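# Would you be able to build a 3D model of this:
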Amino acid sequence: MSETPSACAVVVGHGSIGARHARLLVAKGMEVRVVSRHAPGAFATTQEAVGDGRPEYAVVATPTAAHAGSLEELASAGFSGTVLVEKPIVAASADLPALDAFAGVQVAYNMRFHPVVRELRRRLDGETVVTANVLAGSWLPDWRPTRELRTTSSARRADGGGVLRDLSHELDYAAWIFGPLIADGARGGRLGDLDVDVEDTVGMILHAPRCPLLMVHLTYLDHHAERRVRVTTRRRTLDADLVRWTLTEGDRTTRFAVDWDATYVDMHRAALGGACADLCTVAEALATVELLERVESWLVPPGRVRPPPDS
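Numbering: from 1, shown residues only. Predicted structure coming up:
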């Protein structure tokens, strides 16, 4: 990553993830211009932040439903550098704007830089996978404990919330490991009693070129945070724990240093340095959004709870 003080970046949005991006870019020696209506000292508009033409890098960290508008504002302001867009790239596939004004666009699926995910992918190289099971769950009210739940972007469909989009990391890294995902079925919806108008739990059956059977379970309702992947090949089983930063095969467990910031730092370094092989492309990110839309068509409409089957 560029560490010269003259390097300049724009971070559009200053919620928890935008603040993280800004902090890490400042720590790497960049001048960072934040666009926010609420952050002290921030620019009020993207036009003002980009105005003098100095920024060479931009991060879009607004709520998902605002990503398309944020990208259009960057282009209208004359920004022509590299853009990193928070995941998912847009709330709906039809929302994707033209991106040809920019030198490059990548999507911030930083789990590709999680050392456990990277080591799992490396160990599976050349293996014949039989099945894979992915679980990602936590208790949504714990995410932003200082805010009323229903005011958060995760809880609001209008902001692009819902467990499918919030936890689409799992679908991205699964596709990165196994190839493009194809959905075969799904169940879920708003199954709990959280004050949200989005789906809180989804179970999916999928397959991919390198995985004939992939089960994915995403939920906002798990009181014990878990992020796990179990992969069975023809000769072994691998258990990846992305919360505890371990990878287990048989009775041998490899432990990795816990450093969430490093996953973002490595992602920014790749985007700024043009080393894009491990970054999520626009095409890959759009395929994930289209997959989410197909899965949504099988779910109970948000706001309704599927009744239990007759006994």
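
# so what secondary structure elements neighbour the longest strand belonging to the chain?
Secondary structure of the chain per DSSP state E: the longest strand is strand 221-233. Applying 3 or more Cβ pairs under 8 Å, 6 or more residues apart in numbering; DSSP states H and E, we find strand 221-233 packed against helix 115-124, strand 129-139, strand 237-241. Using the backbone N, CA and C atoms, a C-beta is placed for each residue, glycine as well.

# chain center to the next helix or strand after the shortest one, what's the gap?
When you say that, I think you mean strand 237-241. From strand 237-241 onward toward the C-terminus, using DSSP states H and E, the following helix or strand is strand 246-249. The gap between where strand 246-249 is centred and where its chain is centred comes out at 23 Å by Cα atoms, centre = their mean, to the nearest Å.

# Give the buried residues for strand 246-249.
Neighbour-count burial for strand 246-249 flags 247-248 (criterion: 16 or more other Cβ atoms under 10 Å).

# Residues contacting it from elsewhere in the structure, which ones?
Applying Cβ atoms under 8 Å, 6 or more residues apart in numbering, the external contacts of strand 246-249 come out as 116, 119-120, 123, 236-241, 253-256.

# any chance of these in CSV, plus pLDDT?
CSV is the format used below for the contacts of strand 246-249 (pLDDT from 0 to 100):
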residue, pLDDT
V116, 98
E119, 98
L120, 98
R123, 98
R236, 98
T237, 98
L238, 98
D239, 98
A240, 98
D241, 98
T253, 98
T254, 98
R255, 98
F256, 98
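
# sorry, back to before: walk me through which strands the longest strand of the chain pairs with, and which way each runs.
When pairing is defined by DSSP bridges, strand 221-233 lines up against strand 129-139 (antiparallel), strand 237-241 (antiparallel).

# quick one: buried residues of the first one?
For strand 129-139, the neighbour count (16+ other Cβ under 10 Å) marks 129, 132, 134-138 as buried.

# Do you have the strands of this structure handy? List them.
Per DSSP E, the chain carries strands over the ranges 8-12, 31-35, 57-60, 82-86, 104-108, 129-139, 182-189, 201-208, 211-219, 221-233, 237-241, 246-249, 252-255, 280-281.

# As JSON lines, those with distance to R157 would be great.
Converted to JSON lines, the strands of the chain look like this (distance: least, Cβ to Cβ, whole Å):
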{"stretch": "strand 8-12", "distance to R157": "22"}
{"stretch": "strand 31-35", "distance to R157": "24"}
{"stretch": "strand 57-60", "distance to R157": "20"}
{"stretch": "strand 82-86", "distance to R157": "18"}
{"stretch": "strand 104-108", "distance to R157": "21"}
{"stretch": "strand 129-139", "distance to R157": "20"}
{"stretch": "strand 182-189", "distance to R157": "12"}
{"stretch": "strand 201-208", "distance to R157": "14"}
{"stretch": "strand 211-219", "distance to R157": "16"}
{"stretch": "strand 221-233", "distance to R157": "18"}
{"stretch": "strand 237-241", "distance to R157": "31"}
{"stretch": "strand 246-249", "distance to R157": "36"}
{"stretch": "strand 252-255", "distance to R157": "39"}
{"stretch": "strand 280-281", "distance to R157": "24"}
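
# So which of these is nearest S297?
strand 182-189 (8.6 Å; Cβ to Cβ).

# what's the angle between the closest one and strand 211-219?
For strand 182-189 against strand 211-219, the angle by axes from the mean of the first three to the mean of the last three Cα atoms, to 10 degrees is 20 degrees.

# Give the other helices and strands that strand 182-189 contacts.
Counting by 3+ Cβ pairs under 8 Å, 6+ apart, the packing neighbours recorded for strand 182-189 are strand 201-208, helix 282-296.

# May I see the ones you listed arranged in TSV, with mean neighbour count, mean pLDDT and distance to D52 as well?
Shown next, in TSV, are the helices and strands packed on strand 182-189 (neighbours: other Cβ atoms under 10 Å; pLDDT from 0 to 100; distance: least, Cβ to Cβ, whole Å):
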stretch	mean neighbour count	mean pLDDT	distance to D52
strand 201-208	19	98	45
helix 282-296	18	98	27
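
# now for these, which one comes closest to R54?
For those, the distance to R54 is smallest for helix 282-296, at 25.1 Å, taking Cβ to Cβ.

# Adding distance to V50, write the helices and strands packed on strand 221-233 out as a markdown table.
Output for the helices and strands packed on strand 221-233, formatted as a markdown table (distance: least, Cβ to Cβ, whole Å):
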| stretch | distance to V50 |
| --- | --- |
| helix 115-124 | 34 |
| strand 129-139 | 36 |
| strand 237-241 | 40 |
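
# nearest to A92, of the ones you listed?
Using Cβ to Cβ, the nearest of those to A92 is strand 129-139, at 21.9 Å.

# Distance from the chain centre to the closest one, please.
Centroid separation for strand 129-139 versus its chain: 16 Å, with Cα atoms, centre = their mean.
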